[in-house]
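> Following is a predicted model, sequence given first.
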Amino acid sequence: MEQIQSFLKRKNVVISAHRYFIDAMSAMAQGLFASLLIGTIIKTAGEQINLPFLVEIGKYAQSMSGPAMACAIGYALSAPPLVLFSLITVGHTANSLGGTGGPLAVLFIAIIAAELGKLVSKETKVDILVTPLVTLLGGVGLSFLIAAPIGSAADSVGTLIRWATEQAPFIMGIVIAVIMGMALTLPISSAAICHALGLTGLAGGAAVAGCCAQMIGFAVMSYRENGIGGLISQGLGTSMLQMGNIVKNPRIWIAPTLASAITGPLATCVFHLNMNGAAIASGMGTCGLVGQIGVYSGWLNDIAAGVKTGITGMDWLGMILICFVLPAILSVVFCEIERKLGWIKENDLKLD
């Protein structure tokens, strides 16, 4: 047993939930940003300004999401070069065979393939053959065996969530907004979760609402401590910056979470905020305004499909209120109540 542990340590194979479901998933989201997400933004821009060249670039970027995710996961696991490059094929295969739930298949299969490749890397004199051979056979072989079932399972869960949201928009609006908002602030990837489950439609709208409530909420309620820099870094960057303060005083998380519990059902029941762009945008909130770009591109998709006749003033009003105005007002109100109760004290929200 000691020999096995020593070997795994030497090969930097660390079997832990943190490494596989936080580090790997966060990296996977970055791979999605650099392919599917940026491709969607470029494609949408090209369509709006009538530049076919940009549309084509966007399509090529979107088509590389599988390889990008797998390589990002390999990078997070400190995969050596030959393993990392071999994961390109593994990612493409797993994503293709996984169907609409392909991202979840990529996550599991790329992790296994990367670790298998690391185990044999530089262990033989013909490393240039053995390492990519093991990585490819392991990853692609697993893709043929389990990518489709994993993809189907993820798709079924996503379909169930979307259906449940249509049937019970009030309750599901609260549940999705709170859970996805908290996931965005935690050191896991809400964007990757949304993409893996295909959270679009009303469910996607609720996710956008919850994520925006966390980001805008923390940005505004901590303005007195962090000023304009904190406002921008949290409002357009990430509310994850507050994680250290949440550990010290979990009560600071109450205000933006309550805000998300209110804006979520407002999004689903009152404004019928559908997010029919790329599912990854549902978990991005106001980070780089990607959530709002996703909602807008979804409107365009619906118009092109004949589902929607045009973008109305109510659409814009709903997005502005749900994504910016209400999270700011509600979070500040709840925060001030907490300050008066002594639950939040001076500098509890200050960023290092």
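Perfect, I can see it now. These numbers come from a predicted model, not from an experiment.

> any idea which residue sits dead centre in this structure?
Ala191 (0.9 Å; C-alpha atoms, centre = their mean).

> so where do the helices sit in the stretch 101-250 of the chain?
For the stretch 101-250 of the chain, the helices defined by DSSP state H, counting those that start in this stretch occupy 102-120, 127-142, 148-167, 169-185, 190-197, 201-221, 223-232, 243-248.

> Mean pLDDT lowest where, among the ones you listed?
Among those, helix 190-197 carries the lowest mean pLDDT, a mean of 85.

> Just to check, the residue nearest to the centre of the chain is in contact with Ala29?
Yes - Ala191 lies in contact with Ala29 (C-beta atoms under 8 Å); the separation is 4.7 Å. C-beta here means a position set from N, CA and C on the backbone, and glycine is covered the same way.

> any residues in contact with both of the two?
Ile280 (C-beta atoms under 8 Å, 6 or more residues apart in numbering).

> tell me the residue furthest from the middle of this protein?
Lys125 (40.7 Å).

> Quick check: phi and psi at that one.
Taking degrees, to the nearest 10, you get phi -80, psi -10 for the backbone angles of Lys125.

> Next: Met275.
phi -110, psi 90.

> what's the closest non-adjacent residue to it?
The shortest distance from Met275 to any non-neighbouring residue, by C-beta to C-beta, 6 or more residues apart in numbering, is to Gly204 (3.1 Å).

> ok, now which ones touch the one you found?
Gly204 neighbours (C-beta under 8 Å, 6+ apart): 194, 274-276, 279, 281-282, 294, 298.

> Who wins on neighbours among those?
Ser282 (36 neighbours; other C-beta atoms under 10 Å).

> so how far is Ile128 from it?
42 Å (C-beta to C-beta, to the nearest Å).

> one step back: how close does the residue nearest to Met275 get to Ile193?
For Gly204 relative to Ile193 (C-beta to C-beta), the value is 12 Å.

> Likewise for Gly31?
14 Å.

> Neighbour count: these two, which is higher?
Gly31 (28 against 23).

> need the contact list for Val140.
With C-beta under 8 Å, 6+ apart, Val140 has these contacts: 89-90, 93.

> The same query, at a cut-off of 10 Å, please.
Residues near Val140 by C-beta atoms under 10 Å, 6 or more residues apart in numbering: 86, 89-90, 92-94, 97, 109, 113, 147.

> Low-confidence bits of the stretch 251-352 of the chain, can you list those?
Under the criterion pLDDT under 70, no range of the stretch 251-352 of the chain is flagged.

> so where do the helices sit in it?
Using DSSP H, counting those that start in this stretch, helices in the stretch 251-352 of the chain cover 254-265, 290-304, 313-320, 326-341.

> Hmm, Met172 and Ile161 touching each other?
Yes - using C-beta atoms under 10 Å, Ile161 makes contact with Met172 at a distance of 7.5 Å.

> Quick check: neighbours shared by these two?
202-203, 206.

> Among those, name the buried ones.
202-203, 206 (16 or more other C-beta atoms under 10 Å).

> any idea which of the residues you listed is closest to Leu133?
Ala203 (41.9 Å; C-beta to C-beta).

> quick one: contacts for that closest one?
Contacts of Ala203 (C-beta under 10 Å, 6+ apart): 158-166, 169, 172-173, 175-177, 180, 194, 197, 268, 274-275, 279, 282.

> Drop anything exposed from the residues you listed.
Counted by 16+ other C-beta under 10 Å, the contacts of Ala203 give 158, 161-162, 164-165, 169, 172-173, 175-177, 180, 194, 197, 268, 274-275, 279, 282 as buried.

> So which other helices or strands are in contact with the helix or strand harbouring Gly31?
Secondary structure assignment for Gly31, by DSSP states H and E: helix 24-32. Judged by 3 or more C-beta pairs under 10 Å, 6 or more residues apart in numbering; DSSP states H and E, helix 24-32 is in contact with helix 65-76, helix 102-120, helix 190-197.
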